[in-house]
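Would you be able to build a 3D model of this:
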Amino acid sequence: MNDAPRQAAAPARPLFTLLDVEKRFLLDGGRRELRALDGIRLTLGAGESLALVGESGSGKSTLVRVMLGLEPASNGRVLFGSGAPGGSTREERRRFAREVAYIYQDARGSLDPRMSVAELLAEPIRLHALRAAAEIPGRVDELIARVGLPADMRGKVPAELSGGQVRRVAVARALAGEPRVVVADESVAGLDVSVQAQLLNLLRDLQREQGLAMVFVTHDLGVAAYLCERVAVMYLGRIVEMGPTHEVLAQPLHPYTRGLMQAFPRFDAPLTVSLAGEIPSAAALPAGCRFRSRCERAQPDCADTDPVQRRLTSNRQVACLHPLEN
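Numbering: from 1, shown residues only. Modelled structure (predicted):
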C-alpha cells in the first residue's frame, strides 16, 4: 500500500479573467476622454452564471465587447484561459468564436434576412466541422426542438418570425457551435412578460443542463435574481458591488445597489424613486466617489477619495468608503 501523500489537484483556471481593465475613448480630437471602464476586476469559471446590472451608461455592454475582443482594452489584461480573447492565430480565433457565443440584443438584426432558420443553424455547425454533412439536418432539428420551436419553422426566414421566435432562433444559433460560454446582452428586453418568462426558463435550463458559463447583461434585478448565481452591479464604468446574487439582494453593501432595489417595481408596495438626480457623464466624472452626487450617505471624505473595487468578505466585493454593513 502506498502511503505517500497525494498531491492536491490544481484549481481550475477561470474561463475569463479581467485584471484592472480600463476602456477609454478620446473625444474632441483627443482633448477629452470618456472613461467607459475603469479598474474592472472579475473572473468567470466554467458553469458559472454572472449578471451585469446597472443603469444605461454604466458600461455593461462595453465590458461585454471588451471581453469578446470586439474592443481592445486601453489598460489592464483580459484573459480567456491563459491567453487573450481570440488568440493570435487564425485557428485560435476560430476556436474562441466557437467556444464563446454572443446573443445580440437586436436578435433580428443579427440574423441574415436571406437565410432560412435551417440555414442559419447549419452555418456554424458546418463552419466548425462539428458534424458530418449527412448529420447536419438532424442536428438542426434537435436545436429547433430544444428551444421550443415547431419543426415547420426550419424553412422560414427571420422576417416571418415573431419577436419571441427570433430570440429563440438566436439562442439555437448560439448553441449550434457547442460553446463553453454564452454572453447575452438584454436578450429578453422589449418582449411581452409571458414571452420573457419562457425565454428566461429556456436560458436557465440550458445553462444548468449543459454546464454552460453565462454572462447576462440586464438592467432588471428580477431577471438577475432568477437567472444568475452571481451579480456584478456597475456604475459609471466600475463594478461597485459583486457577490452571490441572493446575498447581494438580501443585504446590499453599496448604496447604489440598495437604490436600484428600492426603485424596482413591486406589486405589494407603491413605486418610489430612490435614486436622486441623473447619472453623470463618463466624460466628466465628479471628484472623489463617482456616486456621491446621488448618495444620501455621502461623507466629506467621499469628495476626496475615489473608492476602488475591493474584497470585503470572502465572496463579496464593493467599491465604497462607507459600505452599508458598517
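
contacting residues around stretch 109-124?
98, 104, 130, 136-137, 139-140, 143-144, 149, 153-159, 161, 166, 169-170, 172-173, 176-177 (Cβ atoms under 8 Å, 6 or more residues apart in numbering). C-beta here means a position set from N, CA and C on the backbone, and glycine is covered the same way.

Likewise for stretch 23-32?
For stretch 23-32, contacts defined as Cβ under 8 Å, 6+ apart pick out 33-37, 59, 62-63, 66, 71, 73-75, 237, 283.

show me where pLDDT drops low in the stretch 51-200 of the chain?
87, 191 (pLDDT under 70).

returning to what we had before: quick one: which of the contacts of stretch 23-32 is nearest residue 198?
Nearest to residue 198, judged by Cβ to Cβ, of those is residue 63 at 27.4 Å.

elements contacting whichever helix or strand the closest one is part of?
Using DSSP states H and E, residue 63 sits within helix 60-67. Here helix 60-67 touches strand 16-27, strand 32-44, strand 49-53, strand 181-185, strand 213-218, going by 3 or more Cβ pairs under 8 Å, 6 or more residues apart in numbering; DSSP states H and E.

what's the fourth one in contact with?
Contacts made with strand 181-185 from outside it, assessed by Cβ under 8 Å, 6+ apart, are listed as 15-16, 44, 60-61, 64, 67-68, 99-105, 174-175, 203, 206-207, 212-217.

Please, where are all the strands along the stretch 51-200 of the chain?
75-80, 100-103, 181-185 (DSSP state E, counting those that start in this stretch).

These: which one's closest to residue 288?
Of all these, strand 75-80 comes closest under Cβ to Cβ, at 21.2 Å.

For the closest one, list every residue counted as buried.
76, 78-80 (16 or more other Cβ atoms under 10 Å).

could those residues be laid out in JSON lines, adding distance to residue 294?
Listed next are those as JSON lines, based on distance: Cβ to Cβ, whole Å:
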{"residue": "76", "distance to residue 294": "27"}
{"residue": "78", "distance to residue 294": "30"}
{"residue": "79", "distance to residue 294": "34"}
{"residue": "80", "distance to residue 294": "35"}
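
of all those residues, which two lie farthest apart?
Maximum distance among the buried residues of strand 75-80 (Cβ to Cβ): 14.3 Å, for 76 and 80.

Could you give me the buried positions within the lengthiest helix in the chain?
Longest helix of the chain, by residue count under DSSP state H: helix 193-210. Buried residues in helix 193-210, defined by neighbour count with 16+ other Cβ under 10 Å: 195-196, 198-200, 202-203, 206-207.

Please apply the same query to stretch 137-146.
Buried, per 16+ other Cβ under 10 Å, within stretch 137-146: 139-140, 143-144, 146.
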